[in-house]
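>>> got a predicted structure plus its sequence, pasted below:
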Amino acid sequence: MTFPTEQLLFTPAAPTSQALSLLFAFPNTYSVGITSLGYQVVWGLLQARSDLRVSRLFTDIHEPLPRHPDLLGFSLSWELDYVNILSLLESLEIPVRSKDRTHGCFPLVFGGGPVLTANPEPFADFFDVILLGDGEELLHSFIDTVQIVQGADRVTQLLTLAQVPGVYVPSLYEVTYHSQEGAISAIQPITAKVPPQVSKQTYRGNQLSTSTVVSPKAAWENIYMVEVVRSCPEMCRFCLASYLTLPFRTPDLQTSLIPAIEQGLAVTNRIGLLGASVTQHPEFDQLLDYFTRPVCADLRLSIASVRTNTVTVKLAKILTQRGSRSITIAIESGSDRLRQIINKKLENEQIYAAASAAHQGGLKGIKLYGMVGLPGETPEDLEATLLLMGDLKRQTPGLRLTLGCSTFVPKAHTPFQWFGVNPQAKQTLQRLQNRCALKGLSIGRRAITGRCYKPCYQEGIAVCHIY
Amino acid sequence: MLQALLSRGDRRLSHLLELTRHFGDSIGSYRRAFKQLQGQLPDLDYYVFADWPIDQVLPWSHLQGPLPQGTLEKHLQEAIALF
Ligand code: SF4
């Protein structure tokens, strides 16, 4: 397979003769990787530097590879892709563990992305450097420092890099355990020269991410992605997309978002609005007006996430006109009590209203996302969800209803990080499925393989956040 | 379940991850790898199903997120109060 014809939205810098060679890898296929806004944006940032010569590497395709790259970077959006990281390292004949790379001319292996920012520890031994948080500024301070220590031995390089805020060098921290099979007793830097805590970096500029490349082979053909918001102010207790990336940030509509969208419209008619909670942008209504203009008539619009209480007839109408057939909202549960526990500020009345607005606006279906196994859940809560589904069906006849369910998974840096998975969750899910089938309701498991456009969720973060 | 394993995992899992790669990505192969590494790391239940005590050192405790741990604990208590 060769690289498809891509349309670039930036001008790559011409590398100088001194430029370091950098392999920038996405541990999955081209189609998946190029649909990750994070990967696109970081690639753009790297390519814009004349002190780097960048080649992209995917599992199925790559640009011409340097024989001895100086740097090898991975963007990890999906935890199970670690398998491909190990395979790619092997195929490049690079030892998989950082400690086996200290001698010999191996590249400096670094990684970033939402998975590594949340909890890099299971993968820590495979990386020399992990970048924590937003990449916009962090990436530049990292590369600038790499340039300074180029030529030094690996130990000096790593010690110097560890001084840069947000740059985490796992090998410089020692983890001790109460026993081999016990909990951790302490995590400490191995020398006083290394900061005891590494802080995740937060970018505060007005401009959020936009596609740097539009590709016909993206999972969503020729899509141009615009990050409308970063993080989510709602703070549902389990939600990584909110807690990990706080504070909630919204670029200005006139000076930032619209110019960004216009740039995309110049090359494609497919626009994706990304973010954990897109409709919560304070100027979202005006943004809709922008897309309602007749000049946007043949535009196809996708929205990553919609909060239930922001579904209006206006929104449903514009989505219908611009190519969408259904809308997805995350309700988590039909039980008001359980939603209070998880801090989801939503009432059943608002769910009915959302379904009715979707219907009136011409959408064919609505998909509700729920979760089972949430801490504090009781059998009554499941009954409440079933009741809700039945009532919805009666109240909005003709609207296709789907309930997508997943089980609660604890995530680092959220208030629910201390809770384990409910061992009964699998059976509960099964029970819910059976009961739904009896009632003639369709229920699917929340697909965990599609990485983009997950509404309102942890998974949504995969495409919404860079590094 | 694998997601939970990785989201609360610590460095001891790296050996397991290298092993399972050659076993396939089913949950069965993870169980097999845990068995093989028995004695070298906690079991699957510890990572996936156990509720962890608040004062346990978290694998990511040296990495600072947006909110201090105290705030997360407060939010947790607010939730538990409604159980
Ligand atoms: S679940 Fe949705 S509404 Fe709740 S915090 Fe996460 S993104 Fe926001």
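Alright, I've got the coordinates. Predicted model only: the values in this text are computed from it and were never measured.

>>> mind checking what secondary structure the residue of the stretch 101-250 of chain A found nearest chain B has?
Distances between the stretch 101-250 of chain A and chain B by CB to the nearest CB are smallest at A:Pro122, namely 3.6 Å. C-beta coordinates here come from the backbone N, C-alpha and C atoms, glycine included. Put simply, A:Pro122 is helix when judged by DSSP: H, G, I helix; E, B strand; the rest coil.

>>> name the nearest residue to it, sequence neighbours excluded.
Nearest in space to A:Pro122, with sequence neighbours left out and distances taken as CB to CB, 6 or more residues apart in numbering or on different chains, is B:Gly9 at 3.6 Å.

>>> my guess is the one you found contacts B:Tyr47. True?
Yes. Applying CB atoms under 8 Å, one finds B:Gly9 in contact with B:Tyr47, separated by 5.9 Å.

>>> list of residues touching the particular helix or strand that has A:Arg337 in it?
Element membership for A:Arg337, per DSSP states H and E: helix A:336-341. Contact partners of helix A:336-341, identified using CB atoms under 8 Å, 6 or more residues apart in numbering or on different chains, comprise A:237, A:331-333, A:345-348, A:374-377, A:381, A:384, B:79, B:82-83.

>>> just confirm yes or no for that helix near the ligand.
No. Legend: contact between helix A:336-341 and the ligand by CB under 6 Å from any ligand atom is lacking; minimum distance shown is 10.1 Å.

>>> okay, buried residues for the helix or strand that that helix is followed by please.
Using DSSP H and E, the helix or strand that follows helix A:336-341 in sequence is helix A:348-360. By 16 or more other CB atoms under 10 Å in any protein chain shown, the buried positions in helix A:348-360 come out as A:Asn348, A:Gln350, A:Ile351, A:Ala354, A:Ala355, A:Ser356, A:Ala357, A:Ala358, A:His359.

>>> those into JSON lines, with extra columns for distance to chain B and pLDDT?
Compiled in JSON lines, the buried residues of helix A:348-360 are given as follows (distance: CB to the nearest CB, whole Å; pLDDT from 0 to 100):
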{"residue": "A:Asn348", "distance to chain B": "17", "pLDDT": "93"}
{"residue": "A:Gln350", "distance to chain B": "20", "pLDDT": "94"}
{"residue": "A:Ile351", "distance to chain B": "20", "pLDDT": "94"}
{"residue": "A:Ala354", "distance to chain B": "24", "pLDDT": "94"}
{"residue": "A:Ala355", "distance to chain B": "27", "pLDDT": "95"}
{"residue": "A:Ser356", "distance to chain B": "29", "pLDDT": "95"}
{"residue": "A:Ala357", "distance to chain B": "29", "pLDDT": "96"}
{"residue": "A:Ala358", "distance to chain B": "30", "pLDDT": "94"}
{"residue": "A:His359", "distance to chain B": "33", "pLDDT": "95"}
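
>>> go through the residues you listed and name the one nearest the ligand.
The closest of the buried residues of helix A:348-360 to the ligand turns out to be A:Gln350 (CB to the nearest ligand atom; 12.4 Å).

>>> distance of the closest one from A:Leu387?
The span separating A:Gln350 from A:Leu387 equals 16 Å under the rule CB to CB, to the nearest Å.

>>> can you pull the buried residues of stretch A:221-231?
In stretch A:221-231, residues buried by neighbour count (16+ other CB under 10 Å) are A:Asn222, A:Ile223, A:Tyr224, A:Met225, A:Val226, A:Glu227, A:Val228, A:Val229, A:Arg230, A:Ser231.

>>> the third one: what's it in contact with?
A:Tyr224 makes contact with A:Leu9, A:Thr210, A:Ser211, A:Val214, A:Gly264, A:Leu265, A:Val267, A:Thr268, A:Arg270, A:Ile271, A:Gly272, according to CB under 8 Å, 6+ apart.

>>> what residues are bridge-paired with the last one?
Think A:Gly272. Partner residues in beta bridges with A:Gly272: A:Met225, A:Ser302, with DSSP bridges as the criterion.

>>> before we move on, back to that, just the ones of the contacts of helix A:336-341 in helices?
Judged by DSSP state H, helices contain the following of the contacts of helix A:336-341: A:Asn348, A:Asp381, A:Ala384, B:Ala79.

>>> can you count the residues close to the residue nearest to the first one when sequence neighbours are not counted?
Spelled out, it's A:Asn348. The shortest distance from A:Asn348 to any residue other than its chain neighbours is 5.9 Å, reached at A:Leu388 (CB to CB, 6+ apart). The burial count assigned to A:Leu388 is 20, neighbours taken as other CB atoms under 10 Å in any protein chain shown.

>>> A:Leu382 versus A:Leu388, what's the distance?
When CB to CB is the yardstick, A:Leu388 and A:Leu382 sit 11 Å from each other.

>>> per-residue pLDDT, the residue in chain B that the ligand sits nearest to?
With CB to the nearest ligand atom as the measure, B:His75 is the residue of chain B nearest to the ligand, at 11.8 Å. Residue-level confidence at B:His75 comes out at 97, pLDDT.

>>> do the same with A:Met371
You'll see A:Met371 listed with a pLDDT of 87.

>>> what sits against it?
Taking CB under 8 Å, 6+ apart, we find A:Met371 in contact with A:Phe238, A:Glu332, A:Ser333, A:Cys405, A:Ser406, A:Thr407, A:Phe408.

>>> wait, doesn't the second one sit right on A:Lys344?
In other words, A:Glu332. Yes. Between A:Glu332 and A:Lys344 there is a contact at 5.4 Å, judged by CB under 8 Å.
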